[in-house]
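Student: could you look at this predicted model? Sequence included:
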Amino acid sequence: MYDDVTTLGSDELTAILAEQRALLGESVANDYGEAYCIHARERIEELEAEVARRGL
């Protein structure tokens, strides 16, 4: 996993964001639990903020 999203390249950033969104959808569909969903949402918010900061 990555710690600092600001160090990711733009392509990698958008790919990871798409992956995290898919994982969140899968976790909801398969009832993986609230803690996992919360973690996934937090990562998505962090990635989306970086996408917005870069104007992607």
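Tutor: Cool, got the structure. Not measured: the values here are computed from a predicted model. Residues are numbered from 1 along each chain as shown.
Student: helix or strand right after whichever strand or helix holds residue 16?
Tutor: Residue 16 belongs to helix 10-29 when assigned by DSSP states H and E. Moving toward the C-terminus from helix 10-29, the next helix or strand (DSSP H and E) is helix 34-54.
Student: what comes into contact with that next one?
Tutor: Contact with helix 34-54 is made by 5-6, 8, 10, 13-14, 16-17, 20-21, 23-24, 27-28, as judged by C-beta atoms under 8 Å, 6 or more residues apart in numbering. Where C-beta positions appear, they are placed from N, C-alpha and C, glycine not excepted.
Student: any idea how far residue 56 is from the residue nearest the centre of the chain?
Tutor: By C-alpha atoms, centre = their mean, the chain has its centre lying nearest to residue 44, at 3.2 Å. Distance from residue 44 to residue 56, counting by C-beta to C-beta, to the nearest Å: 15 Å.
Student: rewinding a little: of the contacts of helix 34-54, grab the buried ones for PyMOL.
Tutor: Those of the contacts of helix 34-54 that count as buried under 16 or more other C-beta atoms under 10 Å are selected in PyMOL with:
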select buried, resi 5+8+13+14+16+17+20+21+23+24+27
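Student: now the phi/psi pair for residue 30, please.
Tutor: The phi and psi torsions at residue 30 (degrees, to the nearest 10) take the values phi -100, psi 10.
Student: report the contact partners of residue 6.
Tutor: residue 50.
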